[in-house]
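K.L.:
return atomic coordinates for the entry below.
(one chain, ligands or ions: 2)
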Amino acid sequence: LVAGLDAYRDLPAETPDGHRITLYVNTGLMADVARGRERGAEGVGLYRSEIPFMLRDRFPSEEEQRNIYRQQLSAFAPYPVTMRMLDIGGDKDLPYFPIDEVNPALGWRGVRITLDHPEIFMVQVRAMLKAAIGLNNLQILLPMVSSVFEIEEAQHLLHRAVAEVQEEEKVTIHPPKLGIMVEVPSALIQIKDLAHIADFVSVGSNDLTQYLLAVDRNNARVADLYTPYHPAVLRSLQYVVKETHAAGKMVSICGEMAGDPGTAILLMAMGFDSLSMSASNLLKIRKVLRTVPMSVAKNLLEEALVIDNAAVIRSMVELELNRLG
Ligand code: PEP
Ligand code: MG
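P.N.:
Numbering: from 1, shown residues only. Ligands and ions are numbered 1, 2, ... in the order given. As a prediction, this is how the structure comes out:
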C-alpha cells in the first residue's frame, strides 16, 4: 500500500477536473517536519508549539525557543510555517504549570492563559520573530479564540514585540500574519467579526466538534457520538468558509477531519483553501484528491448538507469513494 502511495509524493494535490488545493502538515517535533517534507507538504498549517514545552521540566527560555522555532521555519522556507501560540490547559498538561479545575474543557486554556500571562506570550512571540529573521515565512495562530477582544489584545502584544525585536536586532521585522483558530461555538457564530480583523482563519475541527456536540473528544463512553459527519458540524464548516471568504481572508482546516478521505473531499467542496494534517495522512489524501473530481465532490456536499443524519451522510460518502476506487 505504501509503495502505491509513494507515487503521489511529487504530484500536486489537484483534482482530475483541475481544482488545486494546498496540503500542509501538522507538526510538533522535528520528526514531523522530516516526514512532512518527505511526503511533499507545501508548508506547515499547524505547528503545535506546546509539544516542546511538554517535553521539558520548565518553561524553555527565549533563546531555547528561538532555536526550536528556527529549525521548523528553516526546514520549510520559503513555504509558510504557521506557529500556534502555546495551547495548554484542557486536555494538554504542562507538569510545571499545574491547573486544577473541575471542568478543564471549559476552563483556563489556550489564549486565555497566555493573555492572562502576557510575559509568556511576549517571550514566545519574540522568539518566533527572531527565529524568522531572514526567512520571513512565519505566520502566527491563536488557539481557543472566543472574542474580538482576544484578537485585539494579541495584535497589540505582537506589535509591541515587533518593535522590541526590531530595536534589539537592528533589522527590519516584517510583521507576520496573525490568524485565529475557530474551535468554539462563539467564534463560529461571530466569524464575520473575527474574520474581519484576523489575517486568516484555521478551523480546529477536533475541538469545534467537541464543543458543538457537547461530546468530550477523549471520552470513550460517548465516542460514538463524536462524529465530524454530524450535520451541525458540516453546516457550520460551510458557514465558516463562506463568511471568511466574504471577508476576503483565507481559510484552512487543521483538525483530524482534514486527514480523513471522506471528510477531506467534503472540505474541498466547501472551498477550504488548504488542508493541514499529520504527515501519515498526506499521501493518502493527495491520492483521494487526485481521484475525485470537484464536480463529484460538490454534488456529494450538496446532498450531505440537506441530510439530517450523520450515519447516512457517512455511508453516502464512503459508497462514492469506493465506487471511484
Ligand atoms: C483542533 O482542535 O482541531 C486542533 C487542531 O487543535 P488540537 O487538536 O491541538 O486541540
Ligand atoms: Mg484544539
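
K.L.:
tell me which parts of the stretch 101-250 of the chain are close to ligand 1?
P.N.:
Contact residues (C-beta under 6 Å from any ligand atom) of the stretch 101-250 of the chain with ligand 1: 183, 204, 205, 206, 207. Quick note: C-beta positions are derived from backbone N, CA and C, even for glycine.

K.L.:
residue 179 belongs to a strand?
P.N.:
Yes: counting by DSSP: H, G, I helix; E, B strand; the rest coil, residue 179 falls inside a strand.

K.L.:
I'd like the next helix or strand past the least confident helix or strand in the chain by mean pLDDT.
P.N.:
Here the helix or strand of the chain ranked lowest by mean pLDDT, DSSP states H and E is helix 2-6, holding a mean of 71. Using DSSP states H and E, the helix or strand that follows helix 2-6 in sequence is strand 22-27.

K.L.:
check whether the next helix or strand after that following strand contacts ligand 1.
P.N.:
Note on strand 22-27: by DSSP H and E, the next helix or strand toward the C-terminus is helix 30-38. No: judged by C-beta under 6 Å from any ligand atom, helix 30-38 and ligand 1 are separated, with a smallest distance of 12.8 Å.

K.L.:
tell me what helix 30-38 is packed against?
P.N.:
strand 22-27, helix 62-76 (3 or more C-beta pairs under 8 Å, 6 or more residues apart in numbering; DSSP states H and E).

K.L.:
list phi and psi for the residue nearest to residue 217 when sequence neighbours are not counted.
P.N.:
Spatial nearest neighbour of residue 217, chain neighbours left out: residue 210 (4.3 Å); criterion: C-beta to C-beta, 6 or more residues apart in numbering. Per-residue torsions, residue 210: phi -60, psi -50 (degrees, to the nearest 10).

K.L.:
next, count neighbours for residue 210.
P.N.:
Number of residues near residue 210 (other C-beta atoms under 10 Å) recorded here: 22.

K.L.:
that one touches residue 226, doesn't it?
P.N.:
Yes: using C-beta atoms under 8 Å, residue 210 is in contact with residue 226, at 7.2 Å.

K.L.:
residue 240 contacts residue 249, correct?
P.N.:
No: shown here, residue 240 and residue 249 do not form a contact pair, counting by C-beta under 8 Å, at 10.8 Å.

K.L.:
which neighbours do these two have in common?
P.N.:
residue 201 (C-beta atoms under 8 Å, 6 or more residues apart in numbering).

K.L.:
so for the two, which sits in the more crowded spot?
P.N.:
Using other C-beta under 10 Å as the criterion, residue 240 and residue 249 rank with residue 240 on top: 23 against 20.

K.L.:
name the SS class of the more buried one, please.
P.N.:
helix.

K.L.:
ok, it - contacts?
P.N.:
182, 188, 191, 201, 203, 251.

K.L.:
where does the closest residue to ligand 1 within the stretch 51-200 of the chain land on pLDDT?
P.N.:
Nearest to ligand 1, among the residues of the stretch 51-200 of the chain, is residue 183, at 5.1 Å (C-beta to the nearest ligand atom). If you check residue 183, the pLDDT there is 98.

K.L.:
wait, isn't it in contact with residue 208?
P.N.:
Yes: contact criterion C-beta under 8 Å: residue 183 and residue 208 qualify, at 5.0 Å.

K.L.:
residue contacts, residue 83?
P.N.:
Going by C-beta under 8 Å, 6+ apart, residue 83 touches 44, 47, 49, 69, 72, 128, 138, 139, 140, 141.

K.L.:
try residue 29
P.N.:
51, 52 are the contacts of residue 29 under C-beta under 8 Å, 6+ apart.

K.L.:
show me how far stretch 217-228 is from its chain's centre.
P.N.:
21 Å (C-alpha atoms, centre = their mean, to the nearest Å).

K.L.:
straight-line length of it, end to end?
P.N.:
One end of stretch 217-228 sits 11 Å from the other (C-alpha to C-alpha, to the nearest Å).

K.L.:
check whether that stretch contacts ligand 2.
P.N.:
No: Stretch 217-228 stays clear of ligand 2 (C-beta under 5 Å from the ion), getting no nearer than 8.7 Å.

K.L.:
what does that stretch contact?
P.N.:
91, 205-207, 209-210, 213, 215-216, 233-234, 255-257, 260, 263, 310, 314.

K.L.:
buried ones in that stretch?
P.N.:
Of all the residues in stretch 217-228, those buried under the rule 16 or more other C-beta atoms under 10 Å are 217, 226, 227, 228.

K.L.:
with respect to pLDDT, which of these ranks lowest?
P.N.:
residue 217 (93).

K.L.:
any idea how far that one is from residue 6?
P.N.:
32 Å (C-beta to C-beta, to the nearest Å).

K.L.:
same deal with residue 82?
P.N.:
Taken as C-beta to C-beta, the span from residue 82 to residue 6 is 27 Å.

K.L.:
next one: residue 248
P.N.:
Taking C-beta to C-beta, one finds residue 248 at 38 Å from residue 6.

K.L.:
of the two, who's got more company?
P.N.:
residue 6 (12 against 8).
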